[in-house]
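Undergrad: following is a predicted model, sequence given first.
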Amino acid sequence: MLRDIILLLLAAFPLMGSPGPATLSLASLGAAFGFRNGVRYLLGIIVGTTAVLLFVATGVTVFLVVQPVLLAVIEVAAAIYIGYLAWKIATAPIRSKNGDAKHQPRSRNAGFLPGFALAITNLKAFAAIGAVYSSHMILPEQAGWDAAVKVIVLTAVIVIVNTTWLAFGVTFSTVLTNPVLGRVINIVFAVLLLCSVGLALMDNHSFLPITMPW
């Protein structure tokens, strides 16, 4: 069992932790505004991605796929917010050298719901989690316990991966205090965020016609 869990982890971290809209948005938010200002957004990403995992585990992934209008509404709302967040990141003040909290950039807009919406509409997350979940068996003869163990292990991966990306972004905010370099990094993060979301939207729309039952 331990061996199978290790193999599951080895497959899960690269697939679920690779750069994408959720992870890049966390890194960008951390770089521009610090860890504390990204916690609510981080929780939204974690809960949304865990919901994707539960959809996969319970076999109801078809719910979002067969509701194109609902998916499109959530997707557009998330994309609009990400565009706004990218602008806030690109124009965020650069952190001061002395680290005084009063002089650090703040954002009150990185909320739970935008993170949740982004995570729940990322169909690539469905594909990645589905691939990891379905290709590994922990307890082959006990389907219920097998599902429970995989959900627990993969939920831990979701928490670790996304928290790490936010913390990764924070490292830039603590070491890059040069105004010019700091501004460049913020703009780069903002552009990468917009590009990743744009690519995800294109992938979503190319993915939907294939999976539609009609």
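TA: Good, I have the coordinates.

Undergrad: alpha carbons only for contacts and neighbour counts from here, please
TA: Fine.

Undergrad: mind pulling the model confidence for the closest residue to His136 other than its chain neighbours?
TA: In space, and not counting its chain neighbours, His136 is closest to Leu8: 6.3 Å by CA to CA, 6 or more residues apart in numbering. Per-residue pLDDT puts Leu8 at 84.

Undergrad: which element follows whichever strand or helix holds Leu8 toward the C-terminus?
TA: If you go by DSSP states H and E, Leu8 is part of helix 2-16. Scanning forward in sequence from helix 2-16 by DSSP H and E, the next helix or strand is helix 21-33.

Undergrad: now that next one: mean pLDDT?
TA: Averaged across helix 21-33, the pLDDT comes to 85.

Undergrad: that one to helix 2-16, inter-axis angle?
TA: Relative orientation of helix 21-33 with respect to helix 2-16: 70 degrees, computed using axes from the mean of the first three to the mean of the last three CA atoms, to 10 degrees.

Undergrad: ok, then the element right after helix 21-33?
TA: helix 39-58.

Undergrad: neighbouring contacts of stretch 139-157?
TA: With CA atoms under 8 Å, 6 or more residues apart in numbering as the test, stretch 139-157 has contacts from 1, 5, 9, 12-13, 16, 50, 53-54, 57, 133, 137-138.

Undergrad: one more pass at 10 Å, please.
TA: Stretch 139-157 is touched from outside by 1, 4-6, 8-9, 12-13, 16-17, 46-47, 49-51, 53-54, 56-58, 129, 132-134, 136-138, 158, 160-161, 163, with contacts defined as CA atoms under 10 Å, 6 or more residues apart in numbering.

Undergrad: how many neighbours does the residue nearest to His136 have?
TA: 20 (other CA atoms under 10 Å).

Undergrad: got it, and Val159?
TA: 17.

Undergrad: tell me which element it is part of?
TA: helix 143-175.

Undergrad: now that helix: buried residues?
TA: For helix 143-175, the neighbour count (16 or more other CA atoms under 10 Å) marks 147, 149-151, 153-155, 157-159, 161-170, 172-174 as buried.

Undergrad: and for stretch 80-90?
TA: For stretch 80-90, the neighbour count (16+ other CA under 10 Å) marks 81-83, 85-90 as buried.

Undergrad: those residues in helices, which ones?
TA: 81-83, 85-90 (DSSP state H).

Undergrad: of those residues, which is the nearest to Phe33?
TA: Ile89 (7.8 Å; CA to CA).

Undergrad: which residues touch that closest one?
TA: Ile89 sits next to 25, 28-33, 83, 105, 107, 183, 185-191, 193 when contact means CA under 10 Å, 6+ apart.

Undergrad: filter those to the buried ones?
TA: 25, 28-33, 83, 105, 107, 183, 185-191, 193.

Undergrad: thanks a lot, see you next time.
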